Every structure is written in structure tokens, then in C-alpha cells.
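*Asks:* pasting the sequence and the predicted coordinates here, then a few questions.
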Amino acid sequence: MIRPVCRQRTPAALLVPAALGLVFLVLPLVGLLVRAPWTSLPRRLAEPGVLTALRLSLETATAATLLCVALGVPLAWLLARVEFPGRRLVRALVTVPLVLPPVVGGVALLLVFGRRGLLGSWLDDTFGVTLPFTTAGVVLAEAFVAMPFLVIAVEGALRAADPRYEEAAATLGAGRWTTFTRVTLPLVAPGVAAGAVLCWARALGEFGATITFAGNYPGRTQTMPLAVYLALETDLEAAIVLSLILLTVSVAILAGLRDRWVGVT
Amino acid sequence: MTALLDARLIADRDAFRLDVRLRIAAGEVVALLGPNGAGKSTALRVLAGLHPLAAGHLTLDGVDLDRPDRRVWTPPERRPVGVVFQDYLLFPHLSALDNVAFGPRRRGADRRAARARAQGWLDRVGLGGQARRRPRQLSGGQAQRVALARALAVEPTLLLLDEPLAALDARTRLDTRAELQRHLGAHPGATLLVTHDPLDALVLADRLVIVEHGRVVQEGDAATVTARPRTDYVARLVGLNLHRGRADGRTVTVGGLTLTTADPVRGEAFVAFPPAAVALHPARPEGSPRNVWAATVTGVQRHGDHLRVELGGPVEVVADVTPAAAAQLGLRSGQPVWAAVKAAETRAYQA
Amino acid sequence: MTVRWLRAALAGALVAALGLTGCGGGADESPTGRDGGGPLTVFAAASLTESFTRLGKDFEAAHPGHTVTFNFAGSSALANQITQGAPADVFAAASPATMKTVTDAGDADGAPAVLVRNQLVVAVPRGNPARVAGLADLTRPGVKVALCAEQVPCGAAARTALDAAGVRLTPATLEQDVKGALAKVRLGEVDAALVYRTDVRAAVADLDAVEFPESARAVNDYPIVVLRAAGNPAGARAFVDFVRSDAGLAVLTAAGFQAPPGG
């Protein structure tokens, strides 16, 4: 709902670039809608590969987000709350996946977790676990590129949160872990939620690192972005349909989540 | 009376060093009073375990909690200490009840027992009906009481209050102060109240400890401190003119001025008198007052129902005059006047 | 007008989405393009990169005044760009199917000619550690294989060859292009990949090629055509003639391509 804060006119100096920005973001979507093959849409939706890729995308993006939350929230806490030598360097390293081209990220993952990788060969020899070309590999690749979004959001929330609440908890008998789970985490919950949403969205759209590290095989590692890319090779309309499905589902989920718990208070 | 809290607090904060001796008996309420930056908050943080001692010791109920020379250190969560923070720091995501139950829960009570105890404390501070409310739904005075209940619910041996009334408006402060007095009176442990408001200190505390620049400058009950301030800060707090000089029987020489006093004293001495005891005259007064000197008005301010006149001259003093008298004198900055103080209204004591 | 504008925006977005850089500045309504030379823009399949770069220089030397700009990418991506209105004079595709997209859209000037043919080989890491000797070896347990996805020419060819050999194979991955498949061989993540012989030639340092007879059943034609939108049609025709000449074919065969039958 749009309710003007005050009677004053919104200044044009803000309104014009804001409108241009919106148009710029929305226009490609309009392009997809205009070119969508509406008549053949039901038939294309029913193709079995489509739902498989969609389900795989949703599952892997969710698993990657959970992995990012489990590892990224403690990392953000460390960066925000603990003084240690080299903290600035660590903070810079956390953002590496943001600037690294995803394909390079995928190659880097192969060099570590691949069959002959630093850890991969050990995993293979010791546990018989191989990650490339598996669904777990997709999750790993998505988590790699999406984690910075979570860490940055949560670290920002932690820095904005008043550390004196943690001191108050300590004087009431809470140790560091209890303080973290009972006080810190609830205080930064909106930040964690926002970070998780960004993380999930990034994971859902992931392409380069996924195809490089996990390859492309329907039902196992072929997520929607991979399916879109390959459809583009032969059939532009199929690519548009797949893109629209991905967009619709993700926008619906994000809008639903936003109302529920990213919460306007 | 043996001290429940026995501490020599030596702590460093950046370039600042705190060095304060502090003893508080069971049931006693001590106010730590001082200007901003005097080290009051550092003292409170050291006692709570939020800041380490550099030296000295902190002994509570016979147990060393912090003693650097013996490498003894107890983290805050294991100290029998309750803290009411300046802006309360109630956990915004928890109801009033769960805020109060937080301490008992962490100290081993199960959920139901902790909540029952919390409800009991909320009842005692008169907020039994507000248990379900979130902190942001509480008024300032209510939040203060919840914070007090939360600190008391762990039944601390030492209760610390950091400017507990500073965040309240004047009207609420009056009510809350009275109620706080009642609860502090009922607290069996030691209580330390950190404040810069002399009224809070006088009403709530049995004894005042005044710190400036990290050191104790004066200590004693309210009557002693108000009657015989020993620093400019304390004198300002209690509203007295204070000067340090050399006494020789019934006269004290301050700067270029010799004041006659009622109390006999020798050597380094303080002389104190209230602003209301200073009379102002347009010309040198004839007759009884022996302490008379020429002064210059350096400032005039409204102060309650009278005017406070700042005077320069051989000694700097403030004088309180009625608006009528001020009008008669036509007071303005830079005007020369004569100041007079009766010997009977001065108090002299050893420095 | 809106639709045209949208179409242009969409083409731009596609180019950006495919991560392509510099699709050649060639077609700015070149006024010098009648016949005496001028800029020439050639869209060519990625597998032609090395040979066409060389041929471009030779062409410029033989036809002073002409400057050739190349846009090398996956054939399908190029075909999409052309049908979306990207400015180009010549299109050389890696498969008749992708060329058909362009001819069906009416963007070709005349019928495409077969430039060269390419055959599949099994690319293996140097020294062939998994000892792959033919297609049947790819189905051995523990042997991981990368194929191209069927949507791209090398994948379609691999499917034809495997079907012809009656080999049923579950690959570890269906790569988006030849380079992706070769990267996985190089990194040791797979033991073999079915790619074109020319691709292994270009990467000869750390890869070996294993020839197999069934590849004859999946020979891939590279068609080339002058485009209708050509700003420099005379130059475009001259370029096509040049690469199809004996001298041109010599360069291409040296890179591993085969001359077209009866060429």
C-alpha cells in the first residue's frame, strides 16, 4: 500500500531517476513477456524436463541457503564481534566470490573438491565421496557464490545491533553461546532473514560455477539456469518459457516470505 | 559492620586510570557520585565483570571475583551480581515476563519455575498485569521497573544501578524514585548506585562516595557531605560557595580576602557558605557584616524563583537574590557591587 | 515502434546474457562498402577461431582496403544474434541445423555452401590413463565421460555416433560447449569427452585424440553464407570465395578440418 508520508510533493529530482531505475529493471521482464509463446505455453510447461529442473533448482537453492546460514552466521559473528589479527583481510576474502567470475569459482572448486583436488582426492580415497557431477556439488557451487550475500547482510546487522544487550545477558548468567542463541540471534533475525533471501535468490540464479563444478545432467545437476542456457542454443521460445517459470516461482516465493518474516513492523 | 563488598578497583581505560576503594555492607545502599568521565561507569563495569581489573581486588561475600595478582577472574555470567542498565537494555524480542525470567532460567531454574519467579517479581514492582507486553509497549517508568525486577530476580549479592532514573521525565522520575527507594530498602545484599544526580544519591543512598578523575574525593553520609563539601564539584552539587585558604583562628584568608567565620580552625581550611547568604549592595554597606568586598557582576541567571548572580572580584562566588532586589539594584553584567556575608552563615573546616 | 525498440533491447540483453564481448562494430551503414573494400563483419563458430583469424589476415593482405572483424561464439548464440538483427556480413556455422535458423528467418542471401567438415574423436588426458581405445570403452565402470549437450552441434553429433555404434552411455555431464567438455578432461574430472578433432588439435599440448570408426557416421558440415543484411555484400562474397579457395582450405585442413566432398 502506498501512503504518502506527508503532503509534500515528491521531488522530481528523485522521482525521475527512481522511475528510470524501475523501468530499467522491469523492461527485460517485459521483453520476456512480450516474446513469450503464450499459445504453446501449457504444452511446454507439461514437458517432464521442465518440472525436474525447477524442482532441482528450488531444492538445491534451499539446501545451499541452509548451508550458508549454518556456516555464514557464525562467520559474520566472528567478523563483527571478535577482534583478531588479519580481520580486515578475512573480511575482504569473504567477498571474493562476489568479484570472482562464477566460472572461475567453479574451476577453483574443482581444484579443491574435484577428483584430483586438494580435498577431493582425500574425500574420494577415504570416504568414496565425489562431489563434481552430483547434486551435492550443485549445492556446494551455489553456496560458494551465495555465501557472501548472507555474511555481509548478517555482519551489517550484527554491527548495527547494540552489543550492550549481550553484556546485559552476561550479567544475567548467560554464557557466550546462550547469549548468541537467545539474544544476539533474535536481535539480528531480520538481518539473517534478509541475508538468507538474497542468498537464496543468488543461488537460484547461479549458472557459471554450477555448470563448471557440477556439470549439466538432467535430474541430477541441471538446474533451471542451465536448462535455460541450453534451450537458448536451439529454441529461444523454450528458453523464454523456462525463464518465465523461474521468475514467477522465485518472485512468488520471495514476495510470500517478505510478507511473512522479513516483516514490515 | 563487616563489608559484604570489599574492593580496591584499579582499572585502565585508554589513558584513564580508575583507582577507587569501595566497601559496602549488607543492606547498605552506596551512591557513587561524580561528574561525567569521573570513572563511575568504569567502576560499575569492573564490578559486573564487563571490564577487567588492572590491579587491586574485588571481593564479594568473602570470595575473590577479580584479583589480578592471584590470577583470579570470574566472568560476568558467574558473578552473583545484578545490573540495572542506564537505558535498561530490556531484550526487545522478549516479553516483560521472559525478560525477568531470563536470569533465573540461565541460573538453573526450569522454564516453569523461572516464569513463576518472574511473575512474582513483576507483581512486586506492580507490573503483574503487563507480563505479556514487549518492552516497546511499556512506558519509560514501567520499563525501569521491569529492568529492576530483572536484576533482582537473580537474587544478587551485589546490585548495581547505572543512572537508573536518568532516562525518565521529571514527573515519572519522582514516582519511580520513591518506589525504587522502597525496593532498595528491601534488598538484603549490597547496592551500588551510580549517578550524577545529587538528588537521587541523597534520597536513595545511605552513604555517598564521590569520585573525580578516577579517585575518591569525598565519602560520607548525606549530612556530612552536604554540610562540608571538599571539592568544587561537590560544592556545586550541594549548592554552596566553597573556597580553600589558610585559617588562623576565626579568620580564613582566601586569595586577597580575609573572611571571618563562626567556626575556629587553623591551617589549610575550607570555608563554605550558601549563595543566599551573600547580600548585594550598590554602595559599601555600613554596620554589622564584617565580610564585605567589592565585586563585579559577571552573569545573571534565573534559578528557581530567584536570580543567581555570578560575581568576580577577589573571590568568585554566586549570590542568590530576589527578583525585586535585582530590579532595585538594576543588575547587569559588568556592574560593580558590594558583596557581604555574615560570619554566622559561613562554615569553616579543616582541609 | 515500441516493438522494434523492445526487439533491439532484447537483442542487446541476449548478447549481454551470453557474455559476449565486442560483436564487431562493422555494420555502421558503411558508405565505402560498394566494392572497393571497407569493413567486413564475420560471425563464425567458435571452433573456427584459429583458422579464420589467420584467414582474415590473409584476406586483408590479398584485398587491400578490406578490414575483417570477427565475432566468434557458439553457432546457436550467433544464429540468435543474427535473427535478432545483429549486424553481420557473413555467417559460418558449425552445423546445418543452426544455419537453418538463419535461412528460415530469411536472413541469408542465397543458399549456404558447405565450407568444411569436422569429425568426432575421443579426447583423453595426455597418455590416456583410462586406456580408452574406442567408443565401447566409454561404458566401462569407473570411466567418467563428458558429452556436449544435445542442443549444441557436438552433442548432436555424439548422439548420432553413439547410436550408430549401439553404445548406451550415461555421461557424467552434458556440457554447454566443447570448451566446457575439454576443460573437464584437462582438470581430470572426466576420463574422456567426445569432441571434434579440430578442438583437440587446438589444445594439443595436454590432450590426446583417439579416433574411432563410428565417427564417419556423424560427420558435421560447416555451412557458410552471405547475409542479407550485409553492409558490404561484395566484400562478403569475396571473403566466402577466399576461404573456400584451395589456399583457404589448406589453412582449414591444417587445423584438422576435412575438405567437403567433391569440393
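*Replies:* Yes, it's here.

*Asks:* now do A:Ala53, the pLDDT please.
*Replies:* Note on A:Ala53: pLDDT of 93.

*Asks:* so C:Val219 touches C:Arg117, yeah?
*Replies:* Yes - applying Cβ atoms under 8 Å as the test, C:Val219 and C:Arg117 come out as touching, 5.1 Å apart. All C-beta spots, glycine's among them, are computed from the backbone N, C-alpha and C.

*Asks:* mutual contacts of these two, please.
*Replies:* By Cβ atoms under 8 Å, 6 or more residues apart in numbering or on different chains, C:Val219 and C:Arg117 have these common neighbours: C:Gln258.

*Asks:* what is the burial count for B:Arg236?
*Replies:* For B:Arg236, the count of nearby residues is 15 (other Cβ atoms under 10 Å in any protein chain shown).

*Asks:* which of the helices or strands spans it?
*Replies:* helix B:232-238 (DSSP states H and E).

*Asks:* next secondary structure after that helix?
*Replies:* Using DSSP H and E, the next helix or strand after helix B:232-238 towards the C-terminus is strand B:241-254.

*Asks:* which residue does the stretch 151-300 of chain B bring closest to chain A?
*Replies:* Relative to chain A, the nearest point of the stretch 151-300 of chain B is B:Val154 (6.3 Å; Cβ to the nearest Cβ).

*Asks:* model confidence score at that residue, please.
*Replies:* If you check B:Val154, the pLDDT there is 94.

*Asks:* same check, this time on C:Ala9
*Replies:* Looking at C:Ala9, its pLDDT is 45.

*Asks:* same check on C:Gly127?
*Replies:* Predicted confidence (pLDDT) for C:Gly127: 88.

*Asks:* got the contact list for it?
*Replies:* C:Gly127 sits next to C:Asp208 when contact means Cβ under 8 Å, 6+ apart.

*Asks:* that one: what secondary structure?
*Replies:* Per DSSP: H, G, I helix; E, B strand; the rest coil, the secondary structure class of C:Gly127 is coil.

*Asks:* around chain A, which positions in chain B sit nearby?
*Replies:* Proximity of chain B to chain A, by Cβ under 8 Å from any Cβ of the partner chain, involves residues B:48-50, B:75-79, B:81-83, B:85, B:89, B:91-94, B:102-103, B:106-107, B:150-151, B:154.

*Asks:* of the residues you listed, which belong to strands?
*Replies:* Among the residues of chain B next to chain A, the members falling in strands (DSSP state E) are B:Val81, B:Gly82, B:Val83.

*Asks:* can I get these in JSON lines with neighbour count and pLDDT?
*Replies:* As requested, these are exported to JSON lines (neighbours: other Cβ atoms under 10 Å in any protein chain shown; pLDDT from 0 to 100):
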{"residue": "B:Val81", "neighbour count": "28", "pLDDT": "96"}
{"residue": "B:Gly82", "neighbour count": "27", "pLDDT": "96"}
{"residue": "B:Val83", "neighbour count": "30", "pLDDT": "97"}
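
*Asks:* in a markdown table: those residues, plus distance to chain C.
*Replies:* Listed next are these as a markdown table, based on distance: Cβ to the nearest Cβ, whole Å:
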| residue | distance to chain C |
| --- | --- |
| B:Val81 | 60 |
| B:Gly82 | 61 |
| B:Val83 | 58 |
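
*Asks:* low pLDDT regions in the stretch 1-150 of chain C?
*Replies:* For the stretch 1-150 of chain C, the stretches with pLDDT under 70 are C:1-36.

*Asks:* for it, give the residue positioned nearest to chain A.
*Replies:* C:Ser76 (3.9 Å).

*Asks:* show me where the stretch 1-150 of chain A has its helices.
*Replies:* Per DSSP state H, counting those that start in this stretch, the stretch 1-150 of chain A carries helices over the ranges A:12-35, A:41-45, A:48-81, A:87-94, A:96-99, A:102-113, A:120-127, A:135-160.

*Asks:* by contact count, what packs against the fifth one?
*Replies:* Other helices and strands packing on helix A:96-99, by 3 or more Cβ pairs under 8 Å, 6 or more residues apart in numbering or on different chains; DSSP states H and E, are helix A:135-160.

*Asks:* now the longest one
*Replies:* With contacts taken as 3+ Cβ pairs under 8 Å, 6+ apart, helix A:48-81 sits against helix A:87-94, helix A:135-160, helix A:189-204, helix A:224-234, helix A:236-257.

*Asks:* now the last one
*Replies:* In terms of contact count using 3+ Cβ pairs under 8 Å, 6+ apart, helix A:135-160 is assigned the packing partners helix A:48-81, helix A:87-94, helix A:96-99, helix A:102-113, helix A:189-204, helix A:208-213.

*Asks:* go through the first one and flag the buried ones.
*Replies:* Burial within helix A:48-81, assessed by neighbour count using 16 or more other Cβ atoms under 10 Å in any protein chain shown, is assigned to A:50, A:52-54, A:56-58, A:60-65, A:67-69, A:72-73, A:75-77, A:79-81.

*Asks:* skipping adjacent residues, who's closest to the residue of the stretch 1-150 of chain C closest to chain A in space?
*Replies:* Using Cβ to Cβ, 6 or more residues apart in numbering or on different chains and skipping the chain neighbours, the partner closest in space to C:Ser76 is A:Glu233 (3.9 Å).

*Asks:* quick one: the one you found and A:Val138, what's the gap?
*Replies:* 21 Å (Cβ to Cβ, to the nearest Å).

*Asks:* now swap in C:Arg237 and tell me
*Replies:* For C:Arg237, the distance to A:Val138 (Cβ to Cβ) stands at 48 Å.

*Asks:* what does C:Val42 give?
*Replies:* Distance, C:Val42 to A:Val138, by Cβ to Cβ: 37 Å.

*Asks:* in chain B, which residue sits nearest chain C?
*Replies:* Nearest residue of chain B to chain C (Cβ to the nearest Cβ) works out as B:His93 at 42.9 Å.

*Asks:* per-residue confidence for residue 159?
*Replies:* No chain in the question, so chain A it is. Predicted confidence (pLDDT) for A:Arg159: 94.

*Asks:* let's do chain C instead
*Replies:* In this model, C:Arg159 is scored at 91, pLDDT.
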